[in-house]
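Student: give the three-dimensional model of this entry:
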Amino acid sequence: MSEIEQPQEPEKTIYERDKTAKERQPAEDGPRAPAKPKPKIKKAFVAKKKTFTTDKPMEHRVRNIRMTSMESAKMIWETLVDYQKELAQLEIEDPDKAYHDWEKVEKFFIRLAKKYSICVSKALGGSLGWVYQEMEIASQTMNQELIDIIMKTEKFKLPEPVQTKLGFHIIMVCENQVHAPREKPPEEEIRHLF
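Tutor: Numbering: from 1, shown residues only. Below is the predicted model:
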């Protein structure tokens with residue numbers, strides 16, 4: 001048998017550690033390197049509620065559900081308020097969430113008006129159109145007492161049902177705007193339309 005020689009390491013390797021480099025020292029209580037600044041968290045835009053005041057007369061786009069008894073009006077009003085609260089509790093990252101929720105409440109109001117209202121406006125989802133203080137009153141749908149109540153009602157709120165001579169009303173003010181007086185067309189133009 002022949003003896004097999006094992007390879008041996010050379011005494012001086014090609015890759016030696018640089019002994020001139022300084023050893024890393026553990027940090028002491030001396031001055032430290034400046035810490036990285038923490039990134040600022042951007043806040044979501046939240047629109048502030050602005051109040052609009054003017055001396056000019058206002059008009060409101062209104063929806064109405066008229067009932068025969070206060071109990072039935074309260075039941076429908078509580079259903080609407082509960083639905084509005086459920087929508088408010090849903091967490092969605094949408095800056096226009098409040099407006100989208102109000103649109104959903106208005107659509108729900110329309111369905112309830114078409115089904116339960118005893119007013120002539122039920123076919124239109126309870127829409128009374130644009131209501132202003134000095135308007136001509138159609139006795140079937142509203143009276144001056146109801147107009148006064150509508151003018152005091154805030155937009156985006158569902159006040160408790162109110163009683164007038166016509167019945168028990170659930171009122172919903174959908175929009176507000178400054179009243180612009182409209183000119184009545186002359187009688188000759190009206191005759192040509194019919």
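Student: going forward, measure contacts between C-alpha atoms and count neighbours the same way
Tutor: Fine.
Student: now the strands for the protein?
Tutor: Taking DSSP state E, the strands of the chain run over residues 58-67, 127-132, 162-164, 167-178.
Student: in the longest one, what's buried?
Tutor: Pointing back at strand 167-178 there. 167-174, 176 (16 or more other Cα atoms under 10 Å).
Student: right, and Ala113 touches Val120 too?
Tutor: No. Under the criterion of Cα atoms under 8 Å, Ala113 makes no contact with Val120, lying 10.4 Å away.
Student: read off the pLDDT value for the spatially most central residue of the chain.
Tutor: For the chain, the residue nearest the mean C-alpha position is Ala98 (0.8 Å; Cα atoms, centre = their mean). Note for Ala98: predicted pLDDT of 82.
Student: what of Met142?
Tutor: At Met142, pLDDT is 77.
Student: what's near enough to touch it?
Tutor: Shown in contact with Met142 (Cα atoms under 8 Å, 6 or more residues apart in numbering): Leu166.
Student: quick revisit: which one of Ala113 and Val120 has more residues nearby?
Tutor: Ala113 (26 against 15; other Cα atoms under 10 Å).
Student: quick one: contacts for the more buried one?
Tutor: Ala113 neighbours (Cα under 8 Å, 6+ apart): 64-65, 122, 125-126.
Student: what do you get if the cut-off is 6 Å, keeping everything else the same?
Tutor: 65, 122, 125-126 (Cα atoms under 6 Å, 6 or more residues apart in numbering).
Student: so for Leu87, which of the strands of the chain sits nearest?
Tutor: With distances scored as Cα to Cα, the stretch of the strands of the chain nearest to Leu87 is strand 167-178 (17.0 Å).
Student: now the helices for this protein?
Tutor: For the chain, the helices defined by DSSP state H cover 70-89, 97-116, 144-152, 187-193.
Student: residues in contact with stretch 150-170: which ones?
Tutor: 64-68, 172-173.
Student: highest neighbour count among those?
Tutor: Ile65 (30 neighbours).
Student: tell me the pLDDT of Ser117.
Tutor: pLDDT, Ser117: 91.
Student: right, and it touches Arg66 too?
Tutor: Yes. The criterion here is Cα atoms under 6 Å, and Ser117 meets it with Arg66 at 5.1 Å.
Student: would you turn the helices of the chain into TSV with distance to Pro181?
Tutor: Formatted as TSV, the helices of the chain follow (distance: least, Cα to Cα, whole Å):
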stretch	distance to Pro181
helix 70-89	33
helix 97-116	27
helix 144-152	17
helix 187-193	18
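Student: which stretches of the chain have low pLDDT?
Tutor: Residues of the chain meeting the criterion pLDDT under 70: 1-2, 9-19, 21, 25-34, 42-55, 138-139, 182-194.
Student: Gln6: which of the strands of the chain is closest?
Tutor: Using Cα to Cα, the strands of the chain put strand 167-178 closest to Gln6, at 95.6 Å.
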